[in-house]
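K.L.:
sequence and predicted model, in that order:
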Amino acid sequence: MDEEIEMYEKALNSIGMNQPWSPPYHNACYERTGEKEITLLFRSDGVNSQKMHDEITRTVELIDWEMIDSGGSVLPPEEAAHRIIQSKQDASRNWKCPTDDCEEYIVTMPLEEAKWVNMGEQEMVQPDGQSVSTERWGTNVTCHSCGQEIFMEPNDYAVVAGDDLFWTYKATNGVTYTMLSRESIVDLIDSGAGESLVLTGTFTPFCKDVFPPHMRGAPCLFVVPKGDEEE
Ligand SMILES: [Zn+2]
């Protein structure tokens, strides 16, 4: 449990002033409104929403932050989820390099070069209160201006990099795997290029990298870098 509180403390400290924050699975959105203060903006009217909000409030108080709660808007779950993605996308355009004198925006960095990192097993508490052990992953993006390595949560990377990059994995041997939609699979097979289709497991077929979880069990197009076709 201590580990979870530590994780929240880290997450809260990393929110910029007046930036939104949506804890994973909660379907609620908060905003940092002070040095150690967050405000509830909206949450869903889902069954456990009030309970989850109370838990966040408790956690926030445990690390000496303050929760400003005037009720916020209570929205249908789909609308809340949509608003969270929207507000994250808007905010992500203003994310900057954390280096003090560097003014680069993360959205302009070489996001296609991001490196996935496996941080090991972690206990996560799900909305139903059940605790499950999951692999924790993140990505490292390197600032093209100052060279700073920036660690990002997978969700944040997905928001700033967009779906096309999020659903692509570049293995250490340079082969890229891109998850395909049903329509793209049909096009690929109809055009006679079905041999570049692979179903993914835990490891990349050639160099045995571990795929990040979202890339497993998926139909992918694999592309071998030019000049390496012999592999
Ligand atoms: Zn930088």
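P.N.:
Ah, there it is.
K.L.:
use CA for all of it now, contacts and neighbours both
P.N.:
Noted.
K.L.:
quick one, helices of this structure?
P.N.:
For the chain, the helices defined by DSSP state H occupy 2-13, 49-62, 77-92, 154-161, 163-166, 182-190.
K.L.:
need the winner for burial among the ones you listed.
P.N.:
helix 154-161 (a mean of 19; mean count of other C-alpha atoms under 10 Å).
K.L.:
got the angle for it vs helix 77-92?
P.N.:
With axes from the mean of the first three to the mean of the last three C-alpha atoms, to 10 degrees defining the directions, helix 154-161 sits at 60 degrees from helix 77-92.
K.L.:
residues contacting the nearest residue to residue 139 once chain neighbours are set aside?
P.N.:
Nearest residue to residue 139 in three dimensions, chain neighbours excluded: residue 116, at 4.4 Å (C-alpha to C-alpha, 6 or more residues apart in numbering). Listed by C-alpha atoms under 8 Å, 6 or more residues apart in numbering, the contact set of residue 116 reads 137, 138, 139, 140, 212.
K.L.:
pick the one among these closest to residue 153.
P.N.:
residue 138 (4.8 Å; C-alpha to C-alpha).
K.L.:
distance of the residue nearest the centre of the chain from residue 102?
P.N.:
In the chain, the C-alpha nearest the mean C-alpha coordinate belongs to residue 155, at 1.3 Å (C-alpha atoms, centre = their mean). Here residue 155 is placed at a distance of 24 Å from residue 102 (C-alpha to C-alpha, to the nearest Å).
K.L.:
now the residue nearest to residue 139: how far from residue 221?
P.N.:
Relative to residue 221, and taking C-alpha to C-alpha, residue 116 is found at 19 Å.
K.L.:
now render the helices of the chain as TSV, adding mean pLDDT and distance to the ion.
P.N.:
Shown next, in TSV, are the helices of the chain (pLDDT from 0 to 100; distance: least, C-alpha to the ion, whole Å):
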stretch	mean pLDDT	distance to the ion
helix 2-13	87	19
helix 49-62	93	30
helix 77-92	90	16
helix 154-161	92	16
helix 163-166	93	21
helix 182-190	96	37
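K.L.:
need these in JSON lines with distance to residue 23, can you?
P.N.:
Converted to JSON lines, these look like this (distance: least, C-alpha to C-alpha, whole Å):
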{"stretch": "helix 2-13", "distance to residue 23": "9"}
{"stretch": "helix 49-62", "distance to residue 23": "9"}
{"stretch": "helix 77-92", "distance to residue 23": "10"}
{"stretch": "helix 154-161", "distance to residue 23": "11"}
{"stretch": "helix 163-166", "distance to residue 23": "20"}
{"stretch": "helix 182-190", "distance to residue 23": "31"}
